[in-house]
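*Asks:* Output the structure for:
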Amino acid sequence: MTPVPREARSGRRLLVSAALALALALAAPAADAASLVQVTGFGTNPTNLAMHLYVPDNVAARPGLLLALHYCTGTGPAFFSGTEFRALADRHGFIVIYPSATRSGQCWDVSSPAALRRDGGSDPVGLRSMISYVQSRYAVDPSRIFVTGASSGGMMTNVMLGVYPDVFKAGASYMGVPFGCFATTDGSSWNSQCSSGQRILTPQQWGDLVRAAYPGYTGARPRMQAIHGTTDSTLHYANFGEQIKQWTNVLGVSQTPSLTDSAGSCTRTRYGGTGVQAPVEGISCAGVGHSVPLAGQAALTIAFFGLDQAGPGPGTSYSLAVTRAGTGSGAVAGGPISCGATCAATIASGTAVTLAATPAAGSAFAGWGGACTGSGPCVVTMTADRAVTATFTATAPTGAVSINAGGAAAGSFAADAYFTGGNTYSTTSAIDTSLLSGTVPPQAVFQTERYGAFTYTIPNLAPGSAQTVTLYFQESYWTAAGQRVFDVAINGTTVLSAFDIYAAAGGRYRAIARSFNATASANGQVFIQFTRNGPDQPKLCGITVAAGQTDPDPDPDPTTHTLTVSRAGTGSGTVTGSGISCGTTCTAAYASGTSVTLTAAAASGSTFAGWSGACTGTAATCVVAMTAAHIAGATFTASTGTACRTATGGNSGNFDTTGAVCFTVGTRISGWGCSNMQGRTVTVNGAAVTCSQLPLPGAAPYTFEFSAGSYPWASFYWW
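*Replies:* Prediction:
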């Protein structure tokens, strides 16, 4: 029997249950207000949730209200006794609802279609009833209602903010996933793609899922705090970043942090503001698994909510500030605001102000940010200080749009713009541009870059117009093929798959370009997405988007193309084909359309590990169609003398430890581990590594070689 990693087993116990419910119900107090009291008959409750209520002795005159949601297998009373929210309620005078899911497994419904739409009839409806019930019995401040939860409760926190944005002012999700990530339509409550961190969407796609939960809603959206451990194997850490993408998009703020600091032993990032109550806050805890909140983190959440401060009294006023942004111009008006001239005002608490944006000639209104989202009328209810951003963009530009990725303006290339995500890096090394044809960008374009998981959205193009997208690259870090491999998609269509800059350019510090025909979307945009597909992140030096479509072949001579073969790895061998005999002859020119068959042969003491670049897979032969210039890489690894078998099916392998063993895994590996491997030698693609070490050396396929051991069995597993 194949051993199952302990974290995977515990994750199933924690989260695999019947439908994950999406609502918490509210309850009324009994005579002893300082104890946890069960409430029944609190209102509409389609999934038979249970409700417990905690009202502290020093409850405020206009108290805040917190909905606190337990994890799978938990209960409201268990969350009451096992977290710090009760003590914080005693200190600050707010009320806490502790609901319980009563289905098998005691998980909340965060997956069914009913749970993911407003008043859909599942858990969220019962949870909303609990809040209404408390509001009918206490003078709860409607501007101070919040929700938090851990694991399944953190997932439900995202759901409640999506379906009831008019109820909650903020939420805090511990070990959660984005709204809609766990969605299913087959009656199942489990989404493995989401739990394993494999559901990756653009910020716009995540935001659209939230907006679709309550169609037509144009009011303020709740703020979000996300807390996650980097080694969480139950709800993968990748979901932390996806939540940040979703809620920065929903709230209309940049994905670039406004502030980065520490929160205890964890790293905190704030988006859209630097204060304690920024629109979005992320807390990332290095080396922590599925075990937050840590001690003291509940207090960080209460401060993010503002429940550690006294609520507003009679006669309170708040400030409304309007900012205009973007490449265009326009005016914003409503109530006392007339911006241009008057962009800030003090307004009585509870006042609803409707703002309208009017673009100037040559500009278009792109949408709201801050306290408003979307592009319709902006209604701001003054229950706190509010900031609104109106973005205006210049209408259709003339000529090409050229961007220096990660850098300042250079020649015809504008300073970096239109991006979401990623980081920047620069080099002073000279870049060889001899492989480029036509107009060559300045050196400064190739000496800067944007790297990581990022996108570019080029706006203001004629809807449906034909465009040519040219991407410029150079590899300034790695000195071998197979170290940086990534995908590029334009408007959702993959145009570069497993792209390796070093292999394509034939070396380091060599500029290359790739051009593609594209069609501007219905809203006049070209969306370019860069996704990791190997050991290191994507990177880009520059972009040009020009009207019209051309032959995207970057070769200066359309009648012949160059094929270059490179060899890599710890072993040795040869690659041969018509015109190619590498060792000796590794580059040859071919007539356009020629098919070249390459054959890899390992030398004695080595094995052929696989192809990269224009060839893929582990078969000894590869056929390259010469419709463009190509580079094919062949990797050879030094052999231990152990026959290597190809892993097929499943994601684990068991073996007798009395002898050495070798496995070849042909697919991309996101993570791996070993059992009973104490004192073993593990070699991956010819390099000695520690079990579970990431990134893996080289690129897929991966060859794992293990020496003999003393235990009766051993295994390794990957995903």
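*Asks:* And for Thr354, the neighbour number?
*Replies:* For Thr354, the neighbour count with other Cβ atoms under 10 Å is 12. Where C-beta positions appear, they are placed from N, C-alpha and C, glycine not excepted.
*Asks:* Nearest residue to the middle of the protein?
*Replies:* Glu242 (3.2 Å; Cα atoms, centre = their mean).
*Asks:* what's the closest non-adjacent residue to that one?
*Replies:* In space, Glu242 comes closest to Pro178 once its chain neighbours are excluded; the distance is 4.9 Å by Cβ to Cβ, 6 or more residues apart in numbering.
*Asks:* So Tyr271 sits against Ile244, correct?
*Replies:* Yes: between Tyr271 and Ile244 there is a contact under Cβ atoms under 8 Å: 7.0 Å.
*Asks:* hey, what's in contact with both of those two?
*Replies:* 255, 280, 282 (Cβ atoms under 8 Å, 6 or more residues apart in numbering).
*Asks:* Give me the pLDDT for the nearest residue to the second one once chain neighbours are set aside.
*Replies:* Nearest non-adjacent residue to Val280, counting by Cβ to Cβ, 6+ apart: Tyr271, 4.1 Å away. Confidence per residue is given as pLDDT, and for Tyr271 that number is 94.
*Asks:* hang on, the earlier thing: neighbour count: Tyr271 and Ile244, which is higher?
*Replies:* For Tyr271 versus Ile244, the count of surrounding residues by other Cβ under 10 Å is larger for Ile244: 25 against 22.
*Asks:* elements contacting the strand or helix carrying the more buried one?
*Replies:* Counting by DSSP states H and E, the element that carries Ile244 is helix 238-251. With contacts taken as 3 or more Cβ pairs under 8 Å, 6 or more residues apart in numbering; DSSP states H and E, helix 238-251 sits against helix 203-212, strand 223-229, strand 266-271, strand 280-285.
*Asks:* Tell me the first helix or strand C-terminal of the last one.
*Replies:* On the C-terminal side of strand 280-285, the nearest following helix or strand under DSSP H and E is helix 297-305.
*Asks:* OK, contacts around Thr44?
*Replies:* Contacts for Thr44 (Cβ under 8 Å, 6+ apart) come out as 125-126, 129.
*Asks:* of those residues, closest to Ala513?
*Replies:* Val125 (54.9 Å; Cβ to Cβ).
*Asks:* Tell me the first helix or strand C-terminal of the host helix or strand of the closest one.
*Replies:* Here Val125 sits within helix 123-137, counting by DSSP H and E. Using DSSP H and E, the helix or strand that follows helix 123-137 in sequence is strand 145-150.
*Asks:* in the stretch 1-150 of the chain, which ranges drop under the pLDDT threshold?
*Replies:* 1-33 (pLDDT under 70).
*Asks:* Show me the helices in this protein, by range?
*Replies:* 6-15, 76-82, 85-92, 123-137, 152-163, 192-195, 203-212, 238-251, 297-305, 443-446, 501-505 (DSSP state H).
*Asks:* Just name the most buried of those.
*Replies:* helix 152-163 (a mean of 31; mean count of other Cβ atoms under 10 Å).
*Asks:* returning to what we had before: ok, the shared contacts of Tyr271 and Ile244 vs Tyr138, which is closest?
*Replies:* Among those, and counting by Cβ to Cβ, the member closest to Tyr138 is Val280, at 29.5 Å.
*Asks:* Report the contact partners of that closest one.
*Replies:* 223-226, 244, 247-248, 251, 253, 270-272 are the contacts of Val280 under Cβ under 8 Å, 6+ apart.
*Asks:* So which of those residues is the closest to Trp478?
*Replies:* Nearest member of the contacts of Val280 to Trp478, counting by Cβ to Cβ, is Ile244, at 28.2 Å.
*Asks:* Sheet partners, orientation included, of the lengthiest strand in the chain?
*Replies:* The single longest strand within the chain, with elements called by DSSP state E, is strand 448-458. For strand 448-458, the paired strands and their directions (DSSP bridges) read strand 419-426 (antiparallel), strand 526-532 (antiparallel), strand 539-540 (antiparallel).
*Asks:* Tell me what angle it forms with helix 203-212.
*Replies:* 40 degrees (axes from the mean of the first three to the mean of the last three Cα atoms, to 10 degrees).
*Asks:* quick revisit: give me the phi and psi for the residue nearest to Glu242.
*Replies:* phi -60, psi 160 (degrees, to the nearest 10).
*Asks:* doesn't Asn249 make contact with it?
*Replies:* No: assessed by Cβ under 8 Å, Pro178 is found out of contact with Asn249, at 10.3 Å.
*Asks:* Now the common contact residues for these two.
*Replies:* Trp206.
*Asks:* what about the strands in the stretch 501-650 of the chain?
*Replies:* Applying DSSP state E, counting those that start in this stretch to the stretch 501-650 of the chain gives strands spanning 512-519, 526-532, 539-540, 542-547, 560-568, 573-577, 580-582, 587-591, 595-602, 606-613, 621-625, 630-638, 644-646.
*Asks:* Tabulate the ones you listed in JSON lines, adding columns for mean pLDDT.
*Replies:* Output for the strands of the stretch 501-650 of the chain, formatted as JSON lines (pLDDT from 0 to 100):
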{"stretch": "strand 512-519", "mean pLDDT": "91"}
{"stretch": "strand 526-532", "mean pLDDT": "94"}
{"stretch": "strand 539-540", "mean pLDDT": "96"}
{"stretch": "strand 542-547", "mean pLDDT": "92"}
{"stretch": "strand 560-568", "mean pLDDT": "79"}
{"stretch": "strand 573-577", "mean pLDDT": "88"}
{"stretch": "strand 580-582", "mean pLDDT": "87"}
{"stretch": "strand 587-591", "mean pLDDT": "76"}
{"stretch": "strand 595-602", "mean pLDDT": "87"}
{"stretch": "strand 606-613", "mean pLDDT": "80"}
{"stretch": "strand 621-625", "mean pLDDT": "88"}
{"stretch": "strand 630-638", "mean pLDDT": "81"}
{"stretch": "strand 644-646", "mean pLDDT": "73"}
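*Asks:* Show me the one of these that comes nearest Ala345.
*Replies:* Here strand 526-532 is closest among those (Cβ to Cβ), at 37.2 Å.
*Asks:* Could you tell me how far the closest one lies from the centre of the chain?
*Replies:* 13 Å (Cα atoms, centre = their mean, to the nearest Å).
*Asks:* ok, back up a step: just so I know, which of the helices and strands packed on helix 238-251 lies nearest Asn533?
*Replies:* It's helix 203-212; of the helices and strands packed on helix 238-251, that one is closest to Asn533 (Cβ to Cβ) at 19.3 Å.
*Asks:* For the closest one, which outside residues touch it?
*Replies:* Under the criterion Cβ under 8 Å, 6+ apart, residues 117, 161-162, 178-180, 217, 242, 245-246, 248-250, 255, 373-374, 420, 455 lie in contact with helix 203-212.
*Asks:* same thing but 10 Å
*Replies:* Residues outside helix 203-212 that contact it (Cβ atoms under 10 Å, 6 or more residues apart in numbering): 116-117, 158-159, 161-163, 165, 178-181, 183, 199-202, 217, 221, 242-252, 255, 373-374, 420-421, 455, 457, 492, 525, 527.
*Asks:* circling back to that earlier point, mean confidence (pLDDT) on the longest strand of the chain, please.
*Replies:* If you average the pLDDT values across strand 448-458, you get 93.
*Asks:* Just the CA trace of it, in PDB.
*Replies:* Provided in PDB are the C-alpha atoms of strand 448-458 (Å, rounded to 0.1, in the frame of the first residue of the first chain):
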ATOM      1  CA  THR A 448      15.400  46.300 -16.900                       C
ATOM      2  CA  GLU A 449      12.700  43.700 -16.400                       C
ATOM      3  CA  ARG A 450       9.500  42.700 -14.600                       C
ATOM      4  CA  TYR A 451       9.600  39.200 -13.100                       C
ATOM      5  CA  GLY A 452       7.300  36.900 -11.100                       C
ATOM      6  CA  ALA A 453       3.600  36.200 -11.700                       C
ATOM      7  CA  PHE A 454       2.300  39.300 -13.500                       C
ATOM      8  CA  THR A 455       0.000  40.500 -16.300                       C
ATOM      9  CA  TYR A 456      -0.100  43.500 -18.600                       C
ATOM     10  CA  THR A 457      -3.500  44.900 -19.800                       C
ATOM     11  CA  ILE A 458      -3.000  47.400 -22.700                       C
END
